[in-house]
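A.B. asks: Compute the structure for the input listed below.
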Amino acid sequence: MHRPHESPGAGPDPSVNGVPGSVASPHTETAAPPRAEATRVLVVDDDPTVAEVVSGYLDRAGYLVDRAADGPAALARAAAHRPDLVVLDLMLPGMDGLEVCRRLRAHGPVPVIMLTARGDEDDRILGLEVGADDYVTKPFSPRELVLRVESVLRRTRPAATARPLHAAGLTIDPSARRATKNGAELALTLREFDLLAFFLRHPGRAYAREDLMREVWGWDFGDLSTVTVHVRRLRGKVEDDPARPRLIQTVWGVGYRFDDTEAVARPAATGPTHPAPEEEARP
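C.D. replies: Numbers count the residues shown, from 1 in each chain. The predicted structure follows:
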């Protein structure tokens, strides 16, 4: 498995914006050969400059990197060597990133970080809707992307000492990364699983979207629509009637609250005593 390294690269951090020839190659150092147990990352981007820079930084951070320039090639690579994470450009020729993400997920859970163009909020939301765990907008810092990869992968590792949580027919097993509703397994993405586990650990307490982003995503800032989209998707999987949610309640002017008086979970160790006010969260 991947172990933390110092931030890869030396000197100024180039910005990747998808324009060929606009960034310097990161290959100023000799990358160590990947270990046999190295974490495998699949980079999918039709821009060779972006793919080269991103792959170079990930390689030097200790990851085993595969590359693909389009959707069919990405699916073939993933079938040959199942990746531990996929960095996926949204705007691919032919089969776009959304369809690639759907097809990858049809063969089993895999974390996906989507690359999108700056300002394309609708595209970012679509990416989250199909199950992307994170997104990075172009232009972006390759070092930031490596940190995002590390953050997402860190959350995929099982918590060996965490006990199962139960509420309203839902069961979460953090060690096995498994969730069920009335005995039937739920197909949750990485972030959906973490969000549901957080709610079950903190029943009856209202959290602002900023708080959820910090506690679940590990970000101190970001697009709050990320939280809104994940709550909506999670409701679609755990609520009997997602249009009239009973478990994940919207607290207008604050955020969200998980309501179940029979929840069995450990008390919260940390968290804000008074959730910060915010704009009304969309249900």
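
A.B. asks: Could you tell me whether Ala38 really is in a strand?
C.D. replies: No. Applying DSSP: H, G, I helix; E, B strand; the rest coil, one finds Ala38 to be coil, outside a strand.

A.B. asks: and the residue lying closest to it once chain neighbours are set aside, how many neighbours does it have?
C.D. replies: In this structure, Ala38 finds its nearest non-sequential neighbour in Leu64, 4.2 Å apart by CB to CB, 6 or more residues apart in numbering. C-betas here are computed from N, CA, C, even on glycine. Residues lying near Leu64 (other CB atoms under 10 Å) number 20.

A.B. asks: isn't Leu64 right up against Arg40?
C.D. replies: Yes. If you go by CB atoms under 8 Å, Leu64 and Arg40 touch, sitting 4.7 Å apart.

A.B. asks: where does the protein have its least confident helix or strand?
C.D. replies: When each helix and strand of the chain is scored by mean pLDDT, DSSP states H and E, helix 121-129 comes last, with a mean of 70.

A.B. asks: need the next SSE after that one, C-terminal direction.
C.D. replies: Using DSSP states H and E, the helix or strand that follows helix 121-129 towards the C-terminus is strand 134-138.

A.B. asks: Which strands and helices lie in contact with that next one?
C.D. replies: strand 112-117, helix 121-129, helix 142-156 (3 or more CB pairs under 8 Å, 6 or more residues apart in numbering; DSSP states H and E).

A.B. asks: what bits of the stretch 151-283 of the chain have low per-residue confidence?
C.D. replies: Within the stretch 151-283 of the chain, the set of residues satisfying pLDDT under 70 comprises 158-162, 221-222, 261-283.

A.B. asks: Kindly recompute the last result at 50.
C.D. replies: Scanning the stretch 151-283 of the chain for pLDDT under 50 picks out 262-283.

A.B. asks: And the strands in it, which stretches?
C.D. replies: Along the stretch 151-283 of the chain, the stretches classed as strands by DSSP state E, counting those that start in this stretch are 165-167, 170-173, 178-181, 184-185, 206-208, 248-251, 255-258.
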